[in-house]
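**Student:** What would the 3D arrangement of this be:
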Amino acid sequence: MTTVNKVLERLIGRTQPEEEPLSEKMEALRKSVDEVQKYELLTTNQYLQQMDIIVSILKDIQTQVDCAANA
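**Tutor:** Residues are numbered from 1 along each chain as shown. Predicted coordinates for the structure are as follows:
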């Protein structure tokens with residue numbers, strides 16, 4: 001299966017990725033952004049990879065906010 005298909009499946013929730021700590025996700029996003037030179041266009045795979053990481057980070061933050069609100 002292509003990377004694009006894997007990312008799309010994760011984004012729409014068909015598969016559950018292995019849980020990574022938020023700090024590792026932030027580091028992966030930073031590395032991905034660092035790979036792209038300023039003003040360089042992203043490939044579709046690079047863009048989807050970054051969006052996948054961002055969505056995962058936002059889900060983690062929402063989970064932490066929900067837990068704090070219920071405490």
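
**Student:** Nearest to the spatial middle of this structure, which residue is it?
**Tutor:** residue 53 (0.9 Å; CA atoms, centre = their mean).

**Student:** how close does that one get to residue 70?
**Tutor:** Here the criterion is CB to CB, to the nearest Å. By it, residue 53 lies 26 Å from residue 70. From N, CA and C alone the C-beta is placed, and that goes for glycine too.

**Student:** and what of residue 30?
**Tutor:** Taken as CB to CB, the span from residue 30 to residue 70 is 31 Å.

**Student:** More neighbours: which of these two?
**Tutor:** residue 30 (11 against 6; other CB atoms under 10 Å).

**Student:** so what's the more buried one up against?
**Tutor:** The contact partners of residue 30, taken as CB atoms under 8 Å, 6 or more residues apart in numbering, number zero.

**Student:** Now it: which helix or strand?
**Tutor:** Assessed by DSSP states H and E, residue 30 sits inside helix 22-35.

**Student:** per-residue confidence averaged over that helix?
**Tutor:** Throughout helix 22-35, pLDDT has a mean value of 87.

**Student:** cool, stretch 50-58 as well?
**Tutor:** Computed over stretch 50-58, the average pLDDT equals 91.

**Student:** So for stretch 51-65, could I get the coordinates as CSV, restricted to C-alpha?
**Tutor:** The C-alpha trace of stretch 51-65 is given here as CSV (Å, rounded to 0.1, in the frame of the first residue of the first chain):
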residue,chain,number,x,y,z
MET,A,51,-0.7,16.8,8.1
ASP,A,52,-0.9,13.3,9.7
ILE,A,53,1.5,14.3,12.4
ILE,A,54,-0.3,17.6,13.1
VAL,A,55,-3.7,15.8,13.3
SER,A,56,-2.2,13.3,15.7
ILE,A,57,-0.7,16.1,17.8
LEU,A,58,-4.0,17.9,17.9
LYS,A,59,-5.8,14.7,19.0
ASP,A,60,-3.3,14.2,21.8
ILE,A,61,-3.8,17.8,23.0
GLN,A,62,-7.6,17.4,22.9
THR,A,63,-7.3,14.2,24.9
GLN,A,64,-5.2,16.0,27.5
VAL,A,65,-7.6,19.0,27.6
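
**Student:** All set now, cheers.
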